[in-house]
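In: here are the coordinates; sequence isn't available:
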DNA sequence: GATTGTCGGATTGCCGACAATTTGACAATC
DNA sequence: GATTGTCAAATTGTCGGCAATCCGACAATC
């Protein structure tokens, strides 16, 4: 690591930042399941920091809607009910449409190549453990290319919240998905904002339908629950 | 206040929540100007709480992009530069367009009346101190009517951040604005999602242009600055 | 006189301790 | 035996204090 990077790190990273990052990682990876309870003392001991640090980190995650605090009762990883899941999809569709509209007019040849490379890797990948992160990265990069960092921030917030959905199918692959990726790329190539936006929106809308299907087939809708996990 | 409300309050409100609320109010009201420094000790003494409480509240506001923390140097009310201002407007335009699309198909007669009442009051109001909060309330209520609480949450986050813009013109009135409100209402009355969405988007886009104009006339673009205000 | 070194007050980063609340178990009462 | 009262362990809410860092002032050096 470059000396300048370390300098920046020491200068900017506080313990609460690191704890927040770690808990976010645990939520994203599924290590911490939706609905599970977070014990302050246990967390602070595991990460070798004081409870104050953990509490600060949790405040941030609460604002991001990833955990919820009940006064005097503790913190819980949030559960996303079907209604909210649909709302998140609607929002993501809106933002992705925006991204397509914004990006199309000024995307470069190099960027088109980069996106195509993502798509090729996605088509070659198999198993959700390979496709899932690649798919996330593809869409993240596409939004990043718009140059609108505020949009990117909101987009990531939505994706983070979508990680709370039980099934990872919210961003899974499949041949239908691959075709849609190609359609997005084709639209961007023409430089048409409207067509690009619509290709993006269609992809998200179809993704929502695929999730509903797979959920309907495999499991019942998740119900709200107060039940906490064992504390061992 | 109802006994049940007080019960709910005691049950849910923590000190950090109250502090966060208060600082948010101060930022919105302009009591705390963008760029100004926040002294932990001073805040904690003024609000009669410990520094830990203030720090927790600030973590939340930081996640909401309303303040920024510099390690060992303090917290500052964020400044929104022109690039970010434009991005916020683009985002708001996107979300408002979404709101129009979502609301149009199922808006009720009572809701149309309510919105019209807002518009009439806006047309009768004068001075930014009257029009500003009314205008905010009108748009907030409209988004709320969509029933998409997740959308409403993101929308409010954007509006909060827009309060950091120096000139309140980001949501000011004017006869042009009034006409656009009428156009939105008319579109919603027809129940057409596309037309309603476009009316909403047009209103925000024009609002952005109005802000740019007034800023170009009156002041130079705000520059990034490290300078802190006096500490008295 | 401009640069560099040193120091002290002010402020933040972090921690451990105490108080308040919750929660489940068990006893008491009808 | 179902309800109510009581208690203790576990956990969270809040606080004040110590250490580390920053920052401006002043002194020293060239």
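Out: Received the coordinates, thanks. Not measured: the values here are computed from a predicted model.
In: so residue A:209: helix, strand or coil?
Out: Classification of residue A:209 into helix, strand or coil gives helix, according to DSSP: H, G, I helix; E, B strand; the rest coil.
In: nearest spatial neighbour of residue A:116, skipping sequence neighbours?
Out: Nearest-residue entry for residue A:116: residue A:185, 6.1 Å, with adjacent residues in sequence omitted and distances by CB to CB, 6 or more residues apart in numbering or on different chains. The C-beta positions use only the backbone N, C-alpha and C, and glycine is treated the same way.
In: residue A:99 contacts residue A:155, doesn't it?
Out: Yes. Because the distance of 7.3 Å satisfies CB atoms under 8 Å, residue A:99 is recorded as touching residue A:155.
In: which neighbours do the two share?
Out: Listed contacts common to residue A:99 and residue A:155 are residue A:143; contacts here mean CB atoms under 8 Å, 6 or more residues apart in numbering or on different chains.
In: touching DNA strand C at all, stretch A:60-70?
Out: No. Applying CB under 7 Å from any atom of the strand, one finds that stretch A:60-70 is not in contact with DNA strand C, the shortest distance being 7.5 Å.
In: measure that stretch end to end?
Out: End-to-end distance for stretch A:60-70: 15 Å, by CA to CA, to the nearest Å.
In: pull out the buried positions in that stretch.
Out: A:60-67, A:69 (16 or more other CB atoms under 10 Å in any protein chain shown).
In: same thing with stretch A:27-38?
Out: With burial defined by 16+ other CB under 10 Å, the residues of stretch A:27-38 counted as buried are A:27-28, A:32, A:34-38.
In: what about these, which are in strands?
Out: The strands, defined by DSSP state E, take in A:37-38 from these.
In: now, the most widely separated pair of the buried residues of stretch A:27-38?
Out: Taking CB to CB as the measure, the buried residues of stretch A:27-38 span a maximum distance of 18.2 Å, between A:28 and A:37.
In: I'd say residue A:85 and residue A:165 touch.
Out: Yes. Contact between residue A:85 and residue A:165 holds when scored by CB under 8 Å: they sit 5.8 Å apart.
In: quick one: which of the two has more around it?
Out: Applying other CB atoms under 10 Å in any protein chain shown to residue A:85 and residue A:165 shows that residue A:85 carries more neighbours, namely 24 against 21.
In: so the more buried one belongs to a helix, correct?
Out: Yes. With the criterion set as three-state DSSP, the secondary structure at residue A:85 is a helix.
In: up against DNA strand C, what does chain A have?
Out: Within chain A, the positions near DNA strand C by CB under 7 Å from any atom of the strand are A:14-16, A:48-53, A:71-73.
In: helices of chain A, residue ranges please.
Out: If you assign secondary structure with DSSP state H, the helices in chain A sit at A:3-12, A:15-29, A:40-46, A:51-63, A:82-103, A:109-124, A:128-145, A:149-162, A:175-190, A:193-218.
In: can you count the residues close to residue A:124?
Out: One way to gauge burial is a neighbour count; for residue A:124, by other CB under 10 Å, it gives 10.
In: any idea how far chain B is from it?
Out: The gap separating residue A:124 from chain B is 34 Å, by CB to the nearest CB, to the nearest Å.
In: could I get the pLDDT score of the residue nearest the centre of chain A?
Out: For chain A, the residue nearest the mean C-alpha position is residue A:159 (2.5 Å; CA atoms, centre = their mean). If you check residue A:159, the pLDDT there is 96.
In: ok, it touching residue A:140?
Out: Yes. With contact defined as CB under 8 Å, residue A:159 counts as touching residue A:140 (7.4 Å).
In: now the residue nearest to the centre of chain A: how far from DNA strand C?
Out: As judged by CB to the nearest atom of the strand, to the nearest Å, residue A:159 and DNA strand C stand 27 Å apart.
In: now do the contacts for that residue.
Out: A:92, A:136, A:139-140, A:171.
In: quick one, domains of chain A?
Out: Per the record, chain A has its domains at A:2-77, A:82-219, by automatic domain parsing.
In: how about those domains in TSV, adding distance to residue B:122?
Out: Converted to TSV, the domains of chain A look like this (distance: least, CB to CB, whole Å):
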stretch	distance to residue B:122
domain A:2-77	31
domain A:82-219	26
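In: sorry, back to before: shared neighbours of residue A:85 and residue A:165, which are they?
Out: Common contact partners of residue A:85 and residue A:165 (CB under 8 Å, 6+ apart): residue A:211.
In: from residue B:187, how far out is residue A:96?
Out: To residue B:187, residue A:96 is 24 Å away according to CB to CB, to the nearest Å.
In: with residue A:64 instead?
Out: Remark: distance between residue A:64 and residue B:187 (CB to CB) = 34 Å.
In: contacts only, for residue A:58.
Out: When the contact criterion is CB under 8 Å, 6+ apart, the partners of residue A:58 are A:23, A:38, A:40, A:67, A:69, A:75.
In: now do 6 Å
Out: A:67, A:75 (CB atoms under 6 Å, 6 or more residues apart in numbering or on different chains).
In: separation between it and residue B:95?
Out: Applying CB to CB to residue A:58 and residue B:95 gives a distance of 28 Å.
In: and the nearest residue to residue A:59 once chain neighbours are set aside, how many neighbours does it have?
Out: Closest residue to residue A:59 in three dimensions, ignoring its sequence neighbours and counting by CB to CB, 6+ apart: residue B:59, at 4.2 Å. For residue B:59, the tally of surrounding residues (other CB under 10 Å) stands at 28.
In: what does residue A:134 give?
Out: By the criterion of other CB under 10 Å, residue A:134 has 18 neighbours.
In: list the contacts for it?
Out: Contacts were defined as CB under 6 Å, 6+ apart; by that measure residue A:134 touches A:121-122, A:125.
In: report the buried members of those.
Out: If you count burial by 16+ other CB under 10 Å, the buried members of the contacts of residue A:134 come out as A:122, A:125.
In: from the contacts of residue A:134, pick the one nearest residue A:200.
Out: When these are compared for distance to residue A:200, the smallest value, 15.8 Å, is given by residue A:122; criterion: CB to CB.
In: mind listing what's buried along stretch A:184-194?
Out: In terms of neighbour count (16+ other CB under 10 Å), stretch A:184-194 has its buried residues at A:184-185, A:187-188, A:192-193.
In: how about stretch A:81-100?
Out: Of the residues in stretch A:81-100, those buried (16+ other CB under 10 Å) are A:84-100.
In: for stretch A:136-155, same thing?
Out: Under the neighbour-count criterion of 16+ other CB under 10 Å, stretch A:136-155 has A:136, A:138-139, A:142-146, A:148, A:150-152, A:154-155 buried.
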